[in-house]
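Undergrad: What follows is a protein structure lacking sequence information:
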């Protein structure tokens, strides 16, 4: 008699599973930091009305909010730093009196950037943990999986961590609000700069083959004359072999490459051009251009290929844009504030663009909560944001109104040198339409409050 | 209780009663989890029949789920057909794909078969990127399915989803249990144990192997359609190779080739990560550690089950029942395959023992 086939199959099956488990572990997050909210002085505010449990997730002492984040998996490197940075800012606020005396409890769950898992963890947060709001859920495909659920449940869905303009649907998705610069606006701002500064040159596009890249290209095409664009190449995040795409850009003679890519693919693009002895000027979207993340990736990828490179040397000259103050600008009061909070509550993570992002979006949330009132309902938060928010740490104003749920409306052009982003020119603002003019933001940014906490 | 069909139906009825009671007693998130578990049961039951009974491995059943999910999404978006019809067509579409894959797969064995199905699991979801206008690209398609009106406006949608998912799972389990006991199931086991002997005995080996793929794919297709409905979305990110591997993990943990094993495996897959996350986050661990604990817990459970109960959890359950002197209900097909029942817990000592269905 034979051993049954299923028994023989079990050996390869287990081997496969073990390998898969290792692969998953290898893809997992690389950052480290503290989490959750910490307890603080508990200084109560002196205002009049008693604090009540005015909404789900709100008690007399706490505000519980939730989020879905890629803490493990392929999107984790870099992005997994965001939620701990937000938690660090909330810990700072909690230690300094909280929001109207309530402490923010921030529960963020790992969805590994898988929409099915997102659907599951967000239902857990809303139906079981009774969170007041979903805050800064990360990713376009992931968050789309829960947008209609959150709106059906009337749960505020604030400051989605994605620049998709799909969050701007106030009639069908009144609970959902974007926050960061949308990719169409970003494409227009970068496009205008390119049309102006690289007139007569050959332009090539390199972009992620999804809503992110296509929105960016839409904005670029509004500003860059079609005749200047000699090649359009795409990539998908799961295929790292972008050699053919870069060769096509090279063959078309593109002197400037505009890249709407995530950091790993910006690094691969740079390394592939080096391999071909091809040195186009790179213009990269904000989400794919954090100099610290890029430099680390470049050195790591080159090491895998048996070469040693200096990451900061390779990122030199990359043109990008930014909607938050530049990290290197130590004289900026916002950077000083966020650096201080980072050093105190999140010191294990590098102070990079992801951490700045996480703290800044947490600041905006605290601002919205303060505006929502002393004993807010869920509707109060949505109404408060619809009434508009001060720009706070952003370099341009927010667009929030009852008919516009996009976030920040403008950015500056910046150039990377020695691993540091430097602002070039003034802050520009525009809308997402083809005809909308690009104008300069004249008002100067207000400095950060000395307490580090927004005033209502 | 002599009739096996009657026993299976009674077991299914009991399962339905348990689901209804749990769904009413527990909160709405638990209802969602019940739906998730039922969906995994549907998919894993199909896989466990393919691997445990017909002896073919598949690392691509996530792709069949994608076909079911996208079929349901497209039908619901463009044609307002009744839900049950949409579900059946989704299952049929996946079954048709399963037939095509099965024809190729029937010629392959072991690692080669694993390779082909792995390729399917990796490559198929990419079709969504190739046809973004129809399939929605990376962000996928929204699935609009509302709770039927007769339940009233205040009926929790997740409870209804738990009911329909469980209903489909139970129907699939009943059908598979009968199939396993029928001539088809006997042929599968015969082909699994010795192809030459089976062929000599008049079993059409190729057809038998293809049929197993079709059945397995149909189950996955139904599961995919239900998944699309409960998450209200189909996107390529939901049907990655990780899903296919999770299905195989569930089948192996639960007990390969046993339908009860599919239930145990689904419980582990759905509940262990949630529980591990709760434990990890409530103990103030750093994010890096806490976020990796569910993955680690999954691995630890897999290793422990394999070490302690090589026959999977169902093997362990039968062993415990034996300890207490309760002989597990003897399957009637024992008559045709006398040694098909695993004598649980004794496997290492008796290497010639075969696995059977439960």
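TA: Sure, I can see it. Predicted model, so just to flag it, every value in this text is computed and none were measured.

Undergrad: so for stretch A:395-408, what's the average pLDDT?
TA: For stretch A:395-408, mean pLDDT is 92.

Undergrad: whoops, I mixed them up, stretch B:131-142
TA: For stretch B:131-142, the mean confidence score works out to 81.

Undergrad: which residues sit against that stretch?
TA: By C-beta atoms under 8 Å, 6 or more residues apart in numbering or on different chains, the residues outside stretch B:131-142 that reach it are A:115, A:140-141, A:144-145, A:148, A:164, A:166, A:209-211, A:236, B:70, B:73-74, B:77, B:127-129, B:232-238. For every residue, glycine as well, the C-beta is placed using N, CA and C.

Undergrad: let's see 6 Å
TA: A:140-141, A:144, A:210-211, B:73, B:128-129, B:233-235 (C-beta atoms under 6 Å, 6 or more residues apart in numbering or on different chains).

Undergrad: so which of these comes closest to residue A:337?
TA: residue A:140 (29.6 Å; C-beta to C-beta).

Undergrad: what's near enough to touch the closest one?
TA: Residue A:140 makes contact with A:162, A:164, A:211, B:139, according to C-beta under 6 Å, 6+ apart.

Undergrad: List phi and psi for it.
TA: Dihedral pair for residue A:140: phi -70, psi -60, per degrees, to the nearest 10.

Undergrad: can you give me the helices for chain A?
TA: Along chain A, counting by DSSP state H, helices occupy A:5-27, A:76-79, A:82-95, A:115-123, A:140-152, A:183-197, A:211-223, A:243-251, A:263-275, A:291-304, A:311-315, A:333-345, A:353-372, A:378-386.

Undergrad: For chain B, tell me whether the second one is touching it.
TA: No - where contact is defined by C-beta under 6 Å from any C-beta of the partner chain, no part of helix A:76-79 touches chain B; the two come within 8.0 Å at best.

Undergrad: ok, now how distant is the closest residue to residue B:70 other than its chain neighbours from residue B:121?
TA: Using C-beta to C-beta, 6 or more residues apart in numbering or on different chains and skipping the chain neighbours, the partner closest in space to residue B:70 is residue B:234 (5.3 Å). Distance of residue B:234 to residue B:121, given as C-beta to C-beta, to the nearest Å: 16 Å.

Undergrad: who has more neighbours, those two?
TA: Between residue B:234 and residue B:121, counted using other C-beta atoms under 10 Å in any protein chain shown, the more crowded position is residue B:234 (33 against 26).

Undergrad: Which pLDDT value goes with residue A:424?
TA: 89.

Undergrad: Count the neighbours of it for me.
TA: Neighbourhood size, residue A:424 [other C-beta under 10 Å]: 13.

Undergrad: so what's it up against?
TA: By C-beta under 6 Å, 6+ apart, the neighbours of residue A:424 are A:413, A:415.

Undergrad: In the stretch 301-450 of chain A, what residue lies closest to chain B?
TA: Residue of the stretch 301-450 of chain A nearest chain B, by C-beta to the nearest C-beta: residue A:348 (7.7 Å).

Undergrad: Next one: that residue from residue A:138, what distance?
TA: Per C-beta to C-beta, residue A:348 is found 20 Å from residue A:138.

Undergrad: Neighbour count: these two, which is higher?
TA: The residue with more neighbours, out of residue A:348 and residue A:138, is residue A:138; 23 against 14, by other C-beta under 10 Å.

Undergrad: what's the spacing between that one and chain B?
TA: 13 Å (C-beta to the nearest C-beta, to the nearest Å).

Undergrad: and which of the contacts of stretch B:131-142 is nearest residue A:324?
TA: Taking the contacts of stretch B:131-142 together and measuring to residue A:324 by C-beta to C-beta, the closest member is residue A:140, at 20.2 Å.

Undergrad: how close does the closest one get to residue B:201?
TA: Distance, residue A:140 to residue B:201, by C-beta to C-beta: 56 Å.

Undergrad: ok, which pair from the contacts of residue A:140 is furthest apart?
TA: Largest separation among the contacts of residue A:140 by C-beta to C-beta: A:162 and B:139, giving 9.9 Å.

Undergrad: all helices of the stretch 101-250 of chain B, in order?
TA: With helices called from DSSP state H, counting those that start in this stretch, the stretch 101-250 of chain B shows them at B:110-123, B:127-130, B:132-135, B:157-181, B:183-193, B:195-200, B:205-231, B:241-254.

Undergrad: what about the least confident helix or strand in chain B by mean pLDDT, distance to the chain center?
TA: Ranked by mean pLDDT, DSSP states H and E, the weakest helix or strand in chain B is helix B:287-308, scoring a mean of 81. Relative to the chain's own centre, helix B:287-308 is displaced by 21 Å; criterion: C-alpha atoms, centre = their mean, to the nearest Å.

Undergrad: ok, now stretch A:254-271?
TA: The mean C-alpha position of stretch A:254-271 is separated from the chain mean by 18 Å, C-alpha atoms, centre = their mean.

Undergrad: just stretch A:243-254 next, same as before
TA: Relative to the centre of its chain, stretch A:243-254 is centred 29 Å away, using C-alpha atoms, centre = their mean.

Undergrad: measure the most centrally placed residue in chain B to chain A for me?
TA: By C-alpha atoms, centre = their mean, chain B has its centre lying nearest to residue B:44, at 1.5 Å. Distance of residue B:44 to chain A, computed by C-beta to the nearest C-beta: 13 Å.

Undergrad: so where does that residue fall, helix or strand?
TA: Here residue B:44 sits within helix B:28-48, counting by DSSP states H and E.

Undergrad: elements contacting that helix?
TA: helix B:157-181, helix B:205-231, helix B:241-254, helix B:259-282 (3 or more C-beta pairs under 6 Å, 6 or more residues apart in numbering or on different chains; DSSP states H and E).

Undergrad: mean pLDDT for those helices: which is lowest?
TA: Here the lowest mean pLDDT among the helices and strands packed on helix B:28-48 goes to helix B:259-282, at a mean of 86.

Undergrad: Need the residues that contact the helix holding residue B:44.
TA: For helix B:28-48, the surrounding residues in contact (C-beta under 6 Å, 6+ apart) are A:123-124, A:127-128, B:23, B:61, B:156, B:158-159, B:161-162, B:165-166, B:168-169, B:172-173, B:176, B:216, B:219-220, B:222-223, B:226-227, B:230, B:247, B:250-251, B:257, B:259, B:262-263, B:265-266, B:269-270.

Undergrad: How far off centre is it?
TA: Centroid displacement of helix B:28-48 relative to its chain, using C-alpha atoms, centre = their mean, is 8 Å.

Undergrad: Which elements pack onto the next helix or strand after it?
TA: Counting by DSSP H and E, the next helix or strand C-terminal to helix B:28-48 is helix B:61-78. Helices and strands touching helix B:61-78, by 3+ C-beta pairs under 6 Å, 6+ apart, are helix B:83-105, helix B:110-123, helix B:205-231, strand B:233-234, helix B:241-254.

Undergrad: Could you report the distance from the residue most central in space within chain A to residue A:69?
TA: Centroid-nearest residue in chain A, with C-alpha atoms, centre = their mean: residue A:161, separated by 4.8 Å. Distance of residue A:161 to residue A:69, computed by C-beta to C-beta: 8 Å.
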